[in-house]
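In: show me the folded form of this:
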Amino acid sequence: MDFLGGLGMQAVHAHEAEMTEYAMDRLSEVPGLRVYGPPAAERGGVVAFSMAEAHPHDVAQILDSIGVAVRAGHHCAMPIHEKLGVPATTRASFYVYTTTAEIDRLIDGLYKVKHIFA
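Out: Residues are numbered from 1 along each chain as shown. Okay, here's the model as predicted:
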């Protein structure tokens, strides 16, 4: 709490919102990638997505191999995955420590996934 208080919660929120918007913009560039959920202005620093070519667990493993940490699975939301007809999603999270360079690395990794599964 001292750390966050020192940053200021408004600054924490503003950075998270900025990183989420940047990530959503960059993710929209990746062909065949589908983002789930509301637009950036209506969400927190979490983006769930799927790629037409690859299972979310494969996406996560390939990203991990280049040092990008994401989660794959149901994310405690199995009913919505069933309703959407997807076996799982990959989820990236952004917070006060996230940089645009890290998001760019995520996007580079997603293009690597596309190349592997092309």
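
In: how near is the most centrally placed residue in the chain to residue 1?
Out: Ranked by distance to the mean C-alpha position of the chain (C-alpha atoms, centre = their mean), the top residue is residue 92 at 2.6 Å. The gap separating residue 92 from residue 1 is 25 Å, by C-beta to C-beta, to the nearest Å. C-betas here are computed from N, CA, C, even on glycine.

In: from residue 103, how far out is residue 95?
Out: Taking C-beta to C-beta, one finds residue 95 at 12 Å from residue 103.

In: quickly list what's touching both of the two.
Out: residue 19 (C-beta atoms under 8 Å, 6 or more residues apart in numbering).

In: who has more neighbours out of those two?
Out: Between residue 95 and residue 103, counting by other C-beta atoms under 10 Å, residue 103 is the more crowded of the two (22 against 13).

In: which non-adjacent residue is nearest the more buried one?
Out: residue 23 (4.9 Å; C-beta to C-beta, 6 or more residues apart in numbering).

In: give the contact list for the one you found.
Out: Residue 23 neighbours (C-beta under 8 Å, 6+ apart): 40, 47, 92, 94, 103, 106.
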